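> What follows is a predicted structure for the sequence shown.
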Amino acid sequence: MDGICTLANDYVYDQLVALLNSIEAIAGSEMPVCVYPYDDKTERIAAEIARRPNVQLYDDQDSIQHWDQYVCKIWDAHPTARDRWQKAGYEPYHRVGTHRRFCAFDGPFDRFLYMDADTLLMSPVKPIFEQLNNADWVVYDFQHKDPSHVYDLSSKKLKQIFPQERIKSEIFCSGFYASKRNVFSPEMQSWLLTKLRDGEAEVLYDMAPDQTILNYMVMRSGISSYNFSLRLPAEARTGCCVTSQNFSEQDHLLYDRENRLTYIHYIGLKSKHFARLCQGENVNFPYQDLFLHYRFLHEPEKKPVLVDVPRPQKSSPNLKQRVLRKLGLSY
């Protein structure tokens, strides 16, 4: 069975509702969806999920515990991560809940598309699942242009493990990918952990914990991967990041030139911005009206009417500039 999965807790309630509504609108109300719990703060999202017969909240505690423990063992092998996190006030591990998306490797779907909660589906998913007939890992993003948010580029071991050409062509963003259940067997997981403990953990970028581990697992295991952004002809490719100003909206869908986006990723925007927006404040981030459309798709009477003009903040970077800076895309 094919399905879509995501990761959420009550802090991203608004994003989750918008994502689920976009999946329903684009992929259909019968598309199975599984939500992996970031932590135990799931009361609000559990109530929302209970109203949707095609959506389930993952509750396999053996699977959750397995991946919690596995990633902690990985970070215990890293030479500096724990010290860095401690100095930054992250105890004992940084954003360990983000790794729970790895539970998708245990089920319930034979093949799955993972989407971050701060994404919206814009196109049918059939082409993505069809590509899984030819590859074990399918993505559509441009993270390969910024490897600094995937690996520690200062590590001398990095190019010994992965040639520069692979870094330029194989790394990906962990916000949108498709794969298969059991793609990493217990034996492969054990082998990867051994290699990391033997010194390879130093290549991991500790401030994007799930993203760096996923990239390492995919690239080190040697499973086949496919990135639409590198395979499609230039005239057919689209962007996906909220920071792009090139998208046009038509009928609540986004287009890059005349090509319909596969998804839009509101990457770098904190959950508090979505909460404020849904409460009626004009936060003024890109494509916020599109987000509101899907967030209130089934309760349009509650959709806020944005009338306040955001106040200029000349003394500090605007929201878009801060997002770009966080992503390493500002110069």
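Nice, thanks for sending it over.

> how much space is there between the residue nearest to the spatial centre of the chain and residue 88?
Nearest residue to the geometric centre of the chain (C-alpha atoms, centre = their mean): residue 175, 1.7 Å. Per C-beta to C-beta, to the nearest Å, residue 175 is found 23 Å from residue 88. All C-beta spots, glycine's among them, are computed from the backbone N, C-alpha and C.

> and what of residue 7?
Distance from residue 7 to residue 88, counting by C-beta to C-beta: 22 Å.

> Between these two, which is the more surrounded one?
Taking other C-beta atoms under 10 Å, residue 7 and residue 88 do not tie; residue 7 has more neighbours (25 against 11).

> Quick one: residues contacting the nearest residue to the residue nearest to the centre of the chain once chain neighbours are set aside.
Closest residue to residue 175 apart from its sequence neighbours, by C-beta to C-beta, 6 or more residues apart in numbering: residue 116 at 3.9 Å. By C-beta atoms under 8 Å, 6 or more residues apart in numbering, the residues touching residue 116 are 6-7, 174-176, 265, 267.

> Compute the first-to-last residue distance for stretch 142-155.
22 Å (C-alpha to C-alpha, to the nearest Å).

> Quick check: buried residues in that stretch?
Neighbour-count burial for stretch 142-155, counted by 16 or more other C-beta atoms under 10 Å, picks out 142-144, 147, 149-152, 155.

> next one: stretch 156-173
Buried residues in stretch 156-173, counted by 16+ other C-beta under 10 Å: 158, 161-162, 167, 170-173.

> and residue 159, what element?
Following DSSP states H and E, one finds residue 159 within helix 158-161.

> ok, residues contacting that helix?
If you take C-beta under 8 Å, 6+ apart as the criterion, helix 158-161 is touched by 151-152, 167, 200, 203, 220.

> could you dump the longest strand seen in the chain to CSV, C-alpha only?
Longest strand in the chain, counting residues (DSSP state E): strand 2-8. Taking Å, rounded to 0.1, in the frame of the first residue of the first chain, the C-alpha atoms of strand 2-8 are listed here in CSV:
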residue,chain,number,x,y,z
ASP,A,2,1.2,3.5,-0.9
GLY,A,3,0.7,6.4,1.5
ILE,A,4,1.8,9.8,2.6
CYS,A,5,3.3,10.5,6.0
THR,A,6,4.4,13.5,8.1
LEU,A,7,5.8,14.5,11.5
ALA,A,8,3.8,16.7,13.9
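
> Each with direction, which strands does it pair with?
With DSSP bridges as the test, strand 2-8 is paired with strand 33-37 (parallel), strand 111-115 (parallel).

> what about the helices in the stretch 101-250 of the chain?
Taking DSSP state H, counting those that start in this stretch as the criterion, the stretch 101-250 of the chain carries its helices at 126-131, 158-161, 164-170, 186-197, 209-221, 228-231.

> which of the residues in the fourth one are buried?
This points to helix 186-197. Neighbour-count burial for helix 186-197 flags 188-189, 192-193, 195-196 (criterion: 16+ other C-beta under 10 Å).

> if I read this right, the residue nearest to the centre of the chain contacts residue 119, doesn't it?
Yes. Between residue 175 and residue 119 a contact is recorded at 6.3 Å, counting by C-beta atoms under 8 Å.

> can the contacts of helix 158-161 go into CSV with extra columns for pLDDT and distance to residue 282?
Converted to CSV, these look like this (pLDDT from 0 to 100; distance: C-beta to C-beta, whole Å):
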residue, pLDDT, distance to residue 282
151, 98, 38
152, 96, 39
167, 95, 41
200, 98, 47
203, 98, 43
220, 98, 46
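
> low pLDDT regions in the stretch 1-150 of the chain?
Along the stretch 1-150 of the chain, no part satisfies pLDDT under 70.

> Tell me where it has strands.
With DSSP state E, counting those that start in this stretch as the definition, the stretch 1-150 of the chain shows strands at residue ranges 2-8, 33-37, 55-57, 111-115, 119-121, 137-139.

> For residue 44, which of those is the nearest?
Closest approach to residue 44 among the strands of the stretch 1-150 of the chain is made by strand 2-8 (9.8 Å; C-beta to C-beta).

> what's the angle from the closest one to helix 209-221?
Put simply, strand 2-8 runs at 140 degrees to helix 209-221, going by axes from the mean of the first three to the mean of the last three C-alpha atoms, to 10 degrees.

> Many thanks, we can stop here.
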